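Chemist: sharing a sequence plus its predicted fold:
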Amino acid sequence: MEYTRERVIPQLMNPKNGLLIEHIARYEFARAFCKGRVLDIACGVGYGSEILLKQNPNINEYVGIDFCEEAIEYAKRNYSFIETEYYVGDALDKDLYKKYGTFDTIVSFETIEHFEGDTIFIDNLYNLLKPGGTLIISTPFGRGKKEPCSSPFHVYQYKEEEFIDVLKPFSQLTMYHQINTTIEIPKSSQKYYLMVAVCKK
């Protein structure tokens, strides 16, 4: 099925699959920051909702948006809880905040590298976030925006300074790096392959 390309679908994957384990680790990391009304932009099949809502009384609503109708239908069938709503939507739609309102927390994992228009996407996230709200956003390390990508699914692969630069609309930013299931403030002695930024509006 088309929607399974570069999708994490836990029910179709071996629980020991490294990609699955690393994605779950990012949602578990984000859970500590999530409160109020939460948006998962490019939510895929919605498995992140279960992780974010688990033992987190601070979340009162989870909204998942993805461009793929088939993935959203899967999410509705498999990850519908009292607090969840799922919608088909385009991450580059500048009217998202008019359609869905604003959020206390936004989660965006491995989304920004998939399309032209990263600054449009960041502006959308900024408009969707309430004042004082938190964005948790991740992307893999790369050779730079102007360099060819090793992944056929990615338009950009950022150097860290490029990723930080595109996030400059936000007033505060803390960078974390990931290796396997560990997400931490980076250590100079360690080589990481993914960046996670926690941003405040």
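Modeler: Yep, that arrived. Numbering: from 1, shown residues only.
Chemist: which residues of this protein score low on pLDDT?
Modeler: Scanning the chain for pLDDT under 70 picks out 1-6, 18, 144, 151-152.
Chemist: ranges for the strands of it?
Modeler: Assigned by DSSP state E, the chain shows strands spanning 36-41, 59-66, 84-88, 103-109, 129-140, 172-179, 182-184, 194-200.
Chemist: how about those in CSV, adding distance to I72 and mean neighbour count?
Modeler: For every residue, glycine as well, the C-beta is placed using N, CA and C. What follows is the strands of the chain, written out as CSV (distance: least, C-beta to C-beta, whole Å; neighbours: other C-beta atoms under 10 Å):
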stretch, distance to I72, mean neighbour count
strand 36-41, 12, 24
strand 59-66, 5, 21
strand 84-88, 5, 17
strand 103-109, 16, 24
strand 129-140, 21, 20
strand 172-179, 27, 15
strand 182-184, 27, 15
strand 194-200, 25, 19
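Chemist: can I get these in a markdown table with distance to Y156?
Modeler: Listed next are the strands of the chain as a markdown table, based on distance: least, C-beta to C-beta, whole Å:
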| stretch | distance to Y156 |
| --- | --- |
| strand 36-41 | 17 |
| strand 59-66 | 20 |
| strand 84-88 | 24 |
| strand 103-109 | 14 |
| strand 129-140 | 8 |
| strand 172-179 | 17 |
| strand 182-184 | 21 |
| strand 194-200 | 12 |
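Chemist: for F29, which of these is the nearest?
Modeler: Nearest of the strands of the chain to F29, taken as C-beta to C-beta: strand 182-184 at 4.6 Å.
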